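Visitor: requesting a structural model of the entry that follows:
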Amino acid sequence: MRASFALNHGRRFLLLLAAVTLGCALRAAPIELSGVYADEGTVVSGDPTLFTSQVSLHALLRLEFDPRLASQRREETSEVRLTHTAGVLAVEAYEADGTLSWRSRWNAGEGRSSLGRVVTLRMRAAHAGADDYLLVLEPVNSQLLQVRIQRLEPTLLGPMVRATGVYLFSRCAEPSPSAR
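Guide: Down below sits the predicted model:
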């Protein structure tokens, strides 16, 4: 009886150790966010006054919700390169001729957080008064990036979150030769 009892506890301990090791390995897996994405995306849902059918990833990352500015960004920008490493999300927007037109960077704890495969950027638009925005970037699969935008509005009862929109962007097969 004692040998059986010790054997069962030994097996349980090994199973627990294996589960903890596997859990740590899964948690340490890199976020599959890095890549080159087409600047022109699709509106899944959102405020119809902002974007009708197409949206610019470059404009979203700059919090430019004016349809005219977004349209201008979409015409200027051909691709957006995201590079996600431990603690940093770097973004570069390239024009069709490969010229770098804009870049930005978010550090962990300074407006950027991540959980699993999801990266959240907290930003304040200069023209939006006291409202902050959360941009939630998440790979849907190996070919699509989903961007959810939420507006944080201060109220007497605390901050209120309003969904602004959900947008999809395709991963480019290869970056343009001049943008490498």
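Visitor: quick check: closest non-adjacent residue to residue 69.
Guide: Leaving aside its chain neighbours, residue 69 sits nearest to residue 59 (6.2 Å; criterion: CB to CB, 6 or more residues apart in numbering). C-beta: built from backbone N, CA, C; applies to glycine.
Visitor: for that neighbour, what are its contacts?
Guide: Residues counted as contacts of residue 59 (CB atoms under 8 Å, 6 or more residues apart in numbering) are 65, 69, 70, 73, 74.
Visitor: now residue 107
Guide: Taking CB under 8 Å, 6+ apart, we find residue 107 in contact with 87, 88.
Visitor: how far away is it from residue 80?
Guide: Residue 107 sits 19 Å away from residue 80, going by CB to CB, to the nearest Å.
Visitor: ok, residue 161 next?
Guide: Between residue 161 and residue 80 the distance is 25 Å, computed by CB to CB.
Visitor: who's more crowded, these two?
Guide: Between residue 161 and residue 80, counting by other CB atoms under 10 Å, residue 80 is the more crowded of the two (25 against 11).
Visitor: helix or strand next in line after the host helix or strand of that one, which one?
Guide: Element membership for residue 80 (DSSP states H and E) is strand 77-85. Counting by DSSP H and E, the next helix or strand C-terminal to strand 77-85 is strand 88-95.
Visitor: contact partners of that next one?
Guide: By CB under 8 Å, 6+ apart, the residues outside strand 88-95 that reach it are 33, 39, 58, 61, 73, 76-84, 100-108, 112, 119, 121, 137, 175-176, 179.
Visitor: how far is that strand from where the chain is centred?
Guide: Computed by CA atoms, centre = their mean, to the nearest Å, the separation of strand 88-95 from the middle of its chain amounts to 12 Å.
Visitor: can I assume residue 55 is in contact with residue 168?
Guide: No. Assessed by CB atoms under 8 Å, residue 55 is found out of contact with residue 168, at 9.1 Å.
Visitor: so between these two, which is more surrounded?
Guide: residue 55 (29 against 17).
Visitor: what's the helix or strand hosting the more buried one packed up against?
Guide: According to DSSP H and E, residue 55 maps onto strand 54-56. Secondary-structure packing of strand 54-56 (3 or more CB pairs under 8 Å, 6 or more residues apart in numbering; DSSP states H and E): strand 40-46, helix 67-76.
Visitor: could you rerun that using 10 Å?
Guide: Judged by 3 or more CB pairs under 10 Å, 6 or more residues apart in numbering; DSSP states H and E, the packing partners of strand 54-56 are strand 40-46, helix 67-76, strand 160-170.
Visitor: identify the residues contacting residue 83.
Guide: Applying CB atoms under 10 Å, 6 or more residues apart in numbering, one finds that residue 83 lies in contact with 33, 34, 35, 36, 89, 90, 91, 92, 105.
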